[in-house]
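> Following is a predicted model, sequence given first.
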Amino acid sequence: MYQQIANMFRAQIKSRVLKDGDMLPSEKEIAKRYGVGLKTANRAVRVLRNESLAYMAQGYGTFVGQRSSRLSPVPCRRKSIYRTIADEIISDIRGGTFLPLDQLPSEDRFARCYQVSRGTVRQAMALLRDLSWVFTVPCKGTFVEHEDNWPGATG
């Protein structure tokens, strides 16, 4: 099945339906769209990368073409996934969805909600801790900081 999916994308690339610099669907999107598992979707994308028809920019996605192509997207122009998640959580804190001292959902729950790995959620939580939006108590969880500790607070 992964070969069939790779063949479909290969044909779209060769016919220029997908052009250098275009982003391929995520492996999760491919799995959902074609009713296959993530491993099958991963293998299909890996075939395209091995044939130098696509390249992966970690944290951004897989793109058509070769990384050296002058049309290759510059990753710094896009916000990383973990930063996007952190920004959404900050928005939820500011908006009152999560109140000071509330326990945040588990890494697993955020990972399912955002359809990302737990590692990506950990990166988001580390950023939120560094920015003083949350604190973590070992074996207990991650909690929203008191409002006086938020960035820009004049406590």
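It's in.

> quick one: residue 101 and residue 144 touch, right?
Yes. With contacts defined as C-beta atoms under 8 Å, residue 101 counts as touching residue 144 at a distance of 6.2 Å. C-beta: built from backbone N, CA, C; applies to glycine.

> Looking at these two, which is more packed in?
Between residue 101 and residue 144, residue 144 has the larger neighbour count (other C-beta atoms under 10 Å), namely 22 against 11.

> just checking, the more buried one touches residue 129?
No. Under the contact definition of C-beta under 8 Å, residue 144 does not touch residue 129, with a separation of 11.3 Å.

> how's this protein carved up into domains?
Domain assignment of the chain by automatic domain parsing yields the ranges 2-74, 81-149.

> export the ones you listed to CSV and tack on mean pLDDT?
Formatted as CSV, the entries for these read as follows, by pLDDT from 0 to 100:
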stretch, mean pLDDT
domain 2-74, 86
domain 81-149, 92
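
> What ranges does the chain have for its helices?
If you assign secondary structure with DSSP state H, the helices in the chain sit at 2-14, 27-34, 38-50, 81-94, 107-114, 118-130.

> Mind checking those helices for the one nearest to residue 151?
helix 81-94 (8.9 Å; C-beta to C-beta).

> mind listing what's buried in that closest one?
Within helix 81-94, the residues that qualify as buried by neighbour count (16 or more other C-beta atoms under 10 Å) are 81, 82, 85, 86, 89, 90, 93.

> cool, and stretch 31-38?
31, 34, 36.

> Output that stretch as CSV, restricted to C-alpha atoms.
Extracted as CSV, the C-alpha positions of stretch 31-38 are listed here (Å, rounded to 0.1, in the frame of the first residue of the first chain):
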residue,chain,number,x,y,z
ALA,A,31,-2.9,7.9,7.0
LYS,A,32,-6.4,9.3,7.5
ARG,A,33,-6.9,10.1,3.8
TYR,A,34,-6.0,6.7,2.6
GLY,A,35,-7.2,4.6,5.5
VAL,A,36,-3.7,3.3,6.4
GLY,A,37,-1.6,3.2,9.5
LEU,A,38,1.1,5.8,10.4
